[in-house]
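Enquirer: Sequence below, structure please.
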Amino acid sequence: MATARITKRSVDALQPEAKRYVLWDNEVSGFGVRVNPTGRKVYVLKYRVGGGRNGRPRWATIGTHGSMTPDQARAVARGWAAEVAAGADPAGAKEERRKAPTVSDLLNRYLDEHAKVKNKASTAANARSLVDNLIRPSLGRLKVSDLTVADVARFHSGNSGAPYQANRALAVLSKAMELAEVWGMRPDHSNPCRRVDRYPERSRERFLSATEFHRLSDVLIRAEREPLLVRAKDGAAAETRVNAEAIRAIRLLIFTGARVGEVLGLRWEHVDIDAGRANLPDSKTGKKPIQLPAPALEVLATADRPASGKGFVIRGRRGDDPEVPLTNLKGPWGVIRREADLEDVRLHDLRHAYASIAVAGGLSLPMIGALLGHRETRTTQRYAHLADDPQRAAAELIAGRISDAMKGPPEASKIVALRQKD
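Expert: Sure thing, here's the model as predicted:
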């Protein structure tokens, strides 16, 4: 077993052999340089876990000659030797760190054990999209235990061009990091996402006026009778026939204030015509009733209800199979809204319009929240400002009458004695 003081000159002079060998340092016990047949020279520290001859032997790799000097390697070896004397296992810790879960590993477990099991299918799909397209490419290689506030802040700011999406990705990552604490991958209360501020989001609310509702109605009626002549942005025009099932779905959205997924997923088994209600066993907010007023029931009366009373109300594939639902309204709605000159109106805005009519009609916010199926009152609170005009009118009326009373009786109200003509 060769020993010598390990210096740059002595290490440079070492030549590869058929089998690897080690030159041991004569200053630090267990410190040496291993020479591989390829010529690669690696600084190592050999020690026993637990100390003594009965301890389990360990080989800890310090670094490669060339990337560090012999003196640097010797300093590391001395530090590790001191740790070993105190009962530590540097090589074991290094191996444990190498096997430590990465953020990508955590995200896989989050999707499989949390999102897939505890979230709605659509929510889980959105989470997977954010993970695969945004979070994993940026942070996936980092160790879960190493992720810092600075790392998360850089990731969030790197997606500032799409603030809403950046906030959603941050929420997904934050949930995964909370689970990392539960699963023992990080210490408690160490979630680095908590200190990163979200971008402000402006809720987009588009309401339809009576004139716009009238235009929309005209286009829906025409679309039911004939193909629409739709003009593209380049000026070209072409006849487009809108699916009757899609028109029926749009009408139900208008008359019920339901979500798009609730209408497209509505089954005849859920519909109680006599009660004027659809009882959804599941929705975004759980079990939910949808009220079906007379106009909505008229729409359902035009649909083909199977004799079995089962199947989707809004069908796909030209409506010939009750077990195949229509899955997308974007195309048909794009045609309808362009023809009605409502280019900025989304399908979800029909739900906002429903709520705005309810507020204008004097319904309370709790009642509106119940109709829309809001789980939290703050969701309905966004419509509170729509009640300003009726409240202002009432305030004007009350204050006006008080003001008149304070001014005293008007001259016209004084009693004037009428003389009877002779």
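
Enquirer: so which helix or strand takes in the residue nearest the centre of the chain?
Expert: The centroid of the chain falls nearest to residue 168 when counting by C-alpha atoms, centre = their mean (4.0 Å). Here residue 168 sits within helix 163-182, counting by DSSP states H and E.

Enquirer: Beyond that helix, next helix or strand please.
Expert: Taking DSSP H and E, what comes next after helix 163-182 is helix 210-225.

Enquirer: Work out the gap between that following helix and the centre of the chain.
Expert: 34 Å (C-alpha atoms, centre = their mean, to the nearest Å).

Enquirer: Tell me which other helices or strands it touches.
Expert: helix 244-256, helix 330-339 (3 or more C-beta pairs under 8 Å, 6 or more residues apart in numbering; DSSP states H and E). C-beta here means a position set from N, CA and C on the backbone, and glycine is covered the same way.

Enquirer: quick one, it and helix 244-256 angle?
Expert: 150 degrees (axes from the mean of the first three to the mean of the last three C-alpha atoms, to 10 degrees).

Enquirer: May I have helix 210-225 exported as CSV, CA atoms only?
Expert: Provided in CSV are the C-alpha atoms of helix 210-225 (Å, rounded to 0.1, in the frame of the first residue of the first chain):
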residue,chain,number,x,y,z
ALA,A,210,-81.6,44.4,-23.2
THR,A,211,-80.6,45.3,-26.7
GLU,A,212,-77.8,42.7,-26.7
PHE,A,213,-80.1,40.0,-25.4
HIS,A,214,-82.5,40.9,-28.3
ARG,A,215,-79.7,40.6,-30.9
LEU,A,216,-78.6,37.3,-29.4
SER,A,217,-82.2,36.0,-29.5
ASP,A,218,-82.6,37.0,-33.2
VAL,A,219,-79.4,35.2,-34.1
LEU,A,220,-80.4,32.0,-32.2
ILE,A,221,-83.8,32.0,-33.9
ARG,A,222,-82.2,32.4,-37.3
ALA,A,223,-79.6,29.7,-36.6
GLU,A,224,-82.4,27.3,-35.8
ARG,A,225,-84.0,27.9,-39.1
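
Enquirer: for that helix, which positions count as buried?
Expert: For helix 210-225, the neighbour count (16 or more other C-beta atoms under 10 Å) marks 212, 213, 215, 216, 219, 220, 222, 223 as buried.

Enquirer: Which single one of the residues you listed is nearest to residue 264?
Expert: Relative to residue 264, the closest of the buried residues of helix 210-225 is residue 220; by C-beta to C-beta it sits at 17.3 Å.

Enquirer: thinking again about what came up before, can you put the buried residues of helix 210-225 in JSON lines and add pLDDT and distance to residue 152?
Expert: Output for the buried residues of helix 210-225, formatted as JSON lines (pLDDT from 0 to 100; distance: C-beta to C-beta, whole Å):
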{"residue": "212", "pLDDT": "89", "distance to residue 152": "43"}
{"residue": "213", "pLDDT": "88", "distance to residue 152": "45"}
{"residue": "215", "pLDDT": "91", "distance to residue 152": "47"}
{"residue": "216", "pLDDT": "92", "distance to residue 152": "44"}
{"residue": "219", "pLDDT": "91", "distance to residue 152": "47"}
{"residue": "220", "pLDDT": "92", "distance to residue 152": "47"}
{"residue": "222", "pLDDT": "90", "distance to residue 152": "52"}
{"residue": "223", "pLDDT": "88", "distance to residue 152": "48"}
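
Enquirer: any idea how far residue 44 lies from residue 369?
Expert: For residue 44, the distance to residue 369 equals 68 Å [C-beta to C-beta, to the nearest Å].

Enquirer: now the stretch 1-150 of the chain, which segments are flagged as low pLDDT?
Expert: 1, 50-53, 92-93, 95-97 (pLDDT under 70).

Enquirer: Compare the helices and strands packed on helix 210-225 and give me the one nearest residue 28.
Expert: helix 330-339 (70.1 Å).

Enquirer: Show me what the closest one packs onto, helices and strands only.
Expert: helix 210-225, strand 228-231, helix 244-256.

Enquirer: for the shortest one, what is the average pLDDT?
Expert: Model confidence over strand 228-231, given as mean pLDDT, is 67.

Enquirer: what comes up buried for the helix or strand just after it?
Expert: Note on strand 228-231: by DSSP H and E, the next helix or strand toward the C-terminus is strand 237-240. Using 16+ other C-beta under 10 Å as the burial criterion, the residues of strand 237-240 that qualify are residue 240.

Enquirer: who does strand 237-240 pair up with?
Expert: strand 228-231 (antiparallel) (DSSP bridges).

Enquirer: just to revisit the earlier point, how about the helix holding residue 168: buried residues?
Expert: Buried, per 16+ other C-beta under 10 Å, within helix 163-182: 166-170, 172-180.

Enquirer: what comes into contact with it?
Expert: 103, 106-107, 109-110, 113-114, 126-127, 130-131, 134-135, 139, 144, 147, 152, 155-156, 159-160, 186-194, 196, 198-201 (C-beta atoms under 8 Å, 6 or more residues apart in numbering).

Enquirer: Let me see the contact set for residue 91.
Expert: Counting by C-beta under 8 Å, 6+ apart, residue 91 has contacts 45, 58, 59, 60, 61.

Enquirer: Apply 7 Å and report the result again.
Expert: 58, 59, 60 (C-beta atoms under 7 Å, 6 or more residues apart in numbering).

Enquirer: Tell me the one of those nearest residue 296?
Expert: Nearest to residue 296 among the contacts of residue 91, with distances taken as C-beta to C-beta, is residue 60, at 73.3 Å.

Enquirer: Going by distance to residue 317, which of the buried residues of helix 163-182 wins?
Expert: residue 168 (32.8 Å).

Enquirer: State the distance from the closest one to residue 181.
Expert: Residue 168 is 21 Å from residue 181, by C-beta to C-beta.

Enquirer: Surely residue 58 is in a strand?
Expert: Yes - assigned with DSSP: H, G, I helix; E, B strand; the rest coil, residue 58 falls within a strand.

Enquirer: List the beta-bridge partners for it.
Expert: Under the criterion used (DSSP bridges), residue 58 bridges to residue 47.

Enquirer: That one contacts residue 45, doesn't it?
Expert: No - Residue 58 lies out of contact with residue 45 (C-beta atoms under 7 Å); the separation is 8.4 Å.

Enquirer: Count the neighbours of residue 340 for me.
Expert: 22 (other C-beta atoms under 10 Å).

Enquirer: per-residue confidence at it?
Expert: 90.

Enquirer: Now it: phi and psi?
Expert: phi -90, psi 10 (degrees, to the nearest 10).

Enquirer: From residue 216, how far out is it?
Expert: 5 Å.
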